[in-house]
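# sequence and predicted structure, then a few things I'm wondering about:
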Amino acid sequence: QIQLVESGGGLVQPGGSLRLSCAASGFTLDDYVIVWFRQVPGKEREGIICTSSTDGSSYYADSVKGRFTASRDNAENTVYLQMNSLKPDDTAVYYCAATRSWYCQATMIRGDMDYWGKGTVVTVSP
């Protein structure tokens, strides 16, 4: 059974850092693209980083460029989202999603993914 479980969310002050994890089970991460999304209630879901085993993290949304990075530990079957210089606007539910592919594509970043985690809440507030 394919499963994605996010963890690492919480409350952090502006300017702080958090690292989210996306633990995958039931499939081998090597063959899958992972996209990190975030969503604020009442707003559209935003794809923020796309990462593949073939070309690393090949897409960063402008809103997170220079502050967020994604990394993959294929041995642990886990993808990480390192978030630095956090702002209140980064407050959202963060999701990871997977689809079998060796390359990121625009449709994936728009949400066309096969498997989704349930999300982890990040709150950035003084």
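Arrived safely. Residues are numbered from 1 along each chain as shown.

# the residue nearest the centre of the chain: which element?
With distances taken as C-alpha atoms, centre = their mean, residue 36 lies nearest the centre of the chain, 2.3 Å away. Element membership for residue 36, per DSSP states H and E: strand 32-39.

# so which elements touch the helix or strand of the chain with the lowest mean pLDDT?
Using mean pLDDT, DSSP states H and E, strand 56-60 stands out as the lowest-scoring helix or strand of the chain, at a mean of 82. Counting contacts by 3 or more C-beta pairs under 8 Å, 6 or more residues apart in numbering; DSSP states H and E, strand 56-60 is packed against strand 46-52, strand 68-73. The way it works is simple: take the backbone N, C-alpha and C, and place the C-beta from them, glycine included.

# one step back: contacting residues for the residue nearest to the centre of the chain?
20, 22, 47, 48, 49, 50, 70, 79, 81, 94, 95, 96 (C-beta atoms under 8 Å, 6 or more residues apart in numbering).

# could you pull up phi and psi at the second one?
So the one you mean is residue 22. Per-residue torsions, residue 22: phi -130, psi 100 (degrees, to the nearest 10).
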